[in-house]
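> Build me a model:
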Amino acid sequence: MKVQRILSPAFRRGLVLVLALLMVVSTLGACSNKEKANTTSAPPTNLLVSVAPSLKASVEEIKVMYASSKPDIQITFNYGPSGSLKTQIEQGAAADIFISQGKKEMDDLEQKNLLKAGTRVNLLSDELVLIVGKNNTSINSFEELTKPEIKNIGIGEAQTVPAARTAQQTLQALKVWDQVQSKLVVGKDLMQITSWVESGDADAGLVWNTIAMTSDKVRVAATALPSTHEPVVLPAAVIASSKNSPAAEDFLKFLQSDQAMQVFAKYGFDKAK
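Numbers count the residues shown, from 1 in each chain. Modelled structure (predicted):
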């Protein structure tokens, strides 16, 4: 008996229908897989944040927190003295966000229309401190820097390190600037100054409190009174040339959240008033 005679017309029609359905399902599955592949292969958004080195520990921790809710955003930090970072941006270097340790640097960029309008915020504040070696108990005030046994005092480069300007204002207010100028040793950044004090190459150093907190080999001998210098504010803003403005604005907003502020406080920063 031949096979075609066993299969009834109705059965053959059903078989054809089943095969057709299987082909449709297969095609839809292939399209779905293709769509998934396209979705998973979409490149992440890369944000470049130029930031003062005093913020390194805190922003690295905040980066991990942010990634848990925004895994499609990758953040890279460019650390350096605020004046140097400002110059890089002025010269066209790529950056999505700038967080400065000084107000002047941000003012300069804003005056040149290099900040995205409406994004600038005063993010944090810090304090200027005088550091000495951990076991040095002979210095406990800025005025004592005039002692003859104090030979070398570390200070930042005035053109690039905002703390250097704050230090000068403080020493001038205390009327000891002229007496200590010959003792000043200029460093490229505050981490270098801290290392000098740690090693004994400098008898003392003038740095931010948040930098002093990173070392267990130095002691804070004195903290500058707010009345001796201009307010220490860390402003932040999205750069006008950013190609990732929505993502940059979202991250900047997160930096202002209570969750992020708790991390900043752990590393010695206060929320800007």
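
> now residue 222: how far from residue 174?
10 Å (C-beta to C-beta, to the nearest Å). (C-beta placed from N, C-alpha, C; glycine too.)

> hey, what's in contact with both of the two?
residue 142 (C-beta atoms under 8 Å, 6 or more residues apart in numbering).

> Now residue 163: closest residue in space, sequence neighbours ignored.
Of all residues beyond its chain neighbours, the one nearest residue 163 is residue 156 (5.1 Å), with distances taken as C-beta to C-beta, 6 or more residues apart in numbering.

> Three-state assignment for residue 202, please.
Secondary structure assignment for residue 202 (DSSP: H, G, I helix; E, B strand; the rest coil): coil.

> For the stretch 151-273 of the chain, which segments count as helices?
With helices called from DSSP state H, counting those that start in this stretch, the stretch 151-273 of the chain shows them at 162-173, 177-180, 190-199, 209-212, 245-255, 258-266.

> Who are the packing partners of the third one?
Think helix 190-199. Helix 190-199 sits against strand 128-133, strand 153-156, strand 184-187, strand 204-208, helix 209-212, strand 218-223, with contacts defined as 3 or more C-beta pairs under 8 Å, 6 or more residues apart in numbering; DSSP states H and E.

> How far does it sit from its chain's centre?
21 Å (C-alpha atoms, centre = their mean, to the nearest Å).

> orientation of that helix relative to strand 128-133 in degrees?
30 degrees (axes from the mean of the first three to the mean of the last three C-alpha atoms, to 10 degrees).

> residues making contact with helix 190-199?
In contact with helix 190-199 (C-beta under 8 Å, 6+ apart) are residues 53-54, 131-133, 152, 154-156, 161, 163, 185, 187, 202-208, 211-212, 214-215, 217-218.

> Also the longest one?
Contact partners of helix 162-173, identified using C-beta under 8 Å, 6+ apart, comprise 82-83, 100-105, 128, 142, 145, 155-158, 177, 180, 186, 190, 206-208, 224, 227-230, 232.

> again, only using 6 Å
When contacts are defined by C-beta atoms under 6 Å, 6 or more residues apart in numbering, helix 162-173 is touched by residues 82, 101-102, 128, 155-156, 158, 177, 190, 206, 208, 224, 228-229.

> can you pull the alpha-carbon coordinates of that helix into CSV?
Only the C-alpha atoms of helix 162-173 are listed here, as CSV (Å, rounded to 0.1, in the frame of the first residue of the first chain):
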residue,chain,number,x,y,z
PRO,A,162,44.0,76.6,44.6
ALA,A,163,45.3,75.7,48.1
ALA,A,164,48.3,77.8,47.4
ARG,A,165,46.2,81.0,47.1
THR,A,166,44.2,80.1,50.2
ALA,A,167,47.5,79.5,52.1
GLN,A,168,48.9,82.9,51.0
GLN,A,169,45.7,84.7,52.0
THR,A,170,45.9,83.0,55.4
LEU,A,171,49.5,83.8,56.1
GLN,A,172,49.0,87.3,55.0
ALA,A,173,46.0,87.7,57.3
